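Undergrad: Prediction below, plus the sequence it came from.
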Amino acid sequence: MNELVEIRTRLDRLDRENRRLRRITATAVVGLAAGILMGQASPRQVPGVVEAEKFVLQDARGESRAELTVLPDGSPTLGFLDREGKPRLVLGLGPDSSPGLALLDPGEKARLTLSLQAPGSSVVALLDKEGNARARLDVAGDGLPGLAFLGKDGRPRALLGILADGQLFSFPSGR
């Protein structure tokens, strides 16, 4: 009878060890599967590449001096900030991917802009303190240059340009 109790004790101990081993194995399998699935879900990191929605460059005092960001319309923009944190120079692409540069005054109004516009034209504009273009230097898509001086209402007051036949055009005293 003593043997029977001893066998029973051994069987109980083996049964407990077997259950414990099954739990450990199941936990290990679940952990391994979770690790594999999480590894597949994470984006691949390229060595030396940092990805973010916005980058802010700070000076030694911790003040923001430049920002690289993407606007809500998807246009990337790089802005340089003055000591008060106001943008003074902005470089970016428009929604149509046309590049542009703007120099801003302390009131954050554009005073000089450079842009490439479709189809292949380029423009340099000088603006007044209200942000109205007062002088423009244009090169049209066909390569013909023009200079315009504009009134406060935005209408041309004087024009100078070269026509397709090579003739000089001027307004108000030209053809």
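TA: In hand now; what should we look at? Numbers count the residues shown, from 1 in each chain.
Undergrad: And stretch 10-23, how far out from the chain middle?
TA: When C-alpha coordinates are averaged (Cα atoms, centre = their mean, to the nearest Å), stretch 10-23 and its chain have centres 60 Å apart.
Undergrad: Stretch 26-39 now?
TA: Using Cα atoms, centre = their mean, the offset of stretch 26-39 from its chain centre is 37 Å.
Undergrad: Report whether residue 91 is found in a strand, as I expect.
TA: Yes: read with DSSP: H, G, I helix; E, B strand; the rest coil, residue 91 is one of the residues of a strand.
Undergrad: got a list of what the closest residue to it other than its chain neighbours touches?
TA: Among residues not flanking residue 91 along the chain, residue 78 sits closest, at 4.7 Å (Cβ to Cβ, 6 or more residues apart in numbering). Yep, even glycine has a C-beta here, placed from its N, CA and C like the rest. Contact partners of residue 78, counting by Cβ atoms under 8 Å, 6 or more residues apart in numbering, are 66, 67, 68, 90, 91, 92.
Undergrad: Dig out what the second one forms beta bridges with.
TA: Think residue 67. Taking DSSP bridges, one obtains residue 56, residue 79 as the residues bridged to residue 67.
Undergrad: buried sites along stretch 59-72?
TA: Residues 67, 68 are the ones in stretch 59-72 that count as buried (16 or more other Cβ atoms under 10 Å).
Undergrad: and the end-to-end length of it?
TA: With Cα to Cα, to the nearest Å as the measure, stretch 59-72 spans 27 Å from end to end.
Undergrad: Can you give me the distance of the most centrally placed residue in the chain to residue 35?
TA: The chain has residue 70 as the residue nearest its centroid, 2.9 Å off, counting by Cα atoms, centre = their mean. From residue 70 over to residue 35 the distance is 33 Å, taken as Cβ to Cβ, to the nearest Å.
Undergrad: hmm, back to that, can you tell me how far the residue nearest to the centre of the chain sits from residue 64?
TA: Residue 70 is 17 Å from residue 64, by Cβ to Cβ.
Undergrad: Ok, residue 53 next?
TA: The gap separating residue 53 from residue 64 is 16 Å, by Cβ to Cβ.
Undergrad: Mind splitting this structure into its structural domains?
TA: Here the domain assignment for the chain is 1-42, 54-171, based on automatic domain parsing.
Undergrad: least reliable of these going by mean pLDDT?
TA: When mean pLDDT is averaged over each of the domains of the chain, domain 1-42 scores lowest at a mean of 72.
Undergrad: and that domain, how far out from the chain's middle?
TA: Centroid separation for domain 1-42 versus its chain: 53 Å, with Cα atoms, centre = their mean.
Undergrad: The residue nearest to the centre of the chain - nearest residue in space that isn't next to it in sequence?
TA: Using Cβ to Cβ, 6+ apart, the closest residue to residue 70 is residue 76 (5.4 Å).
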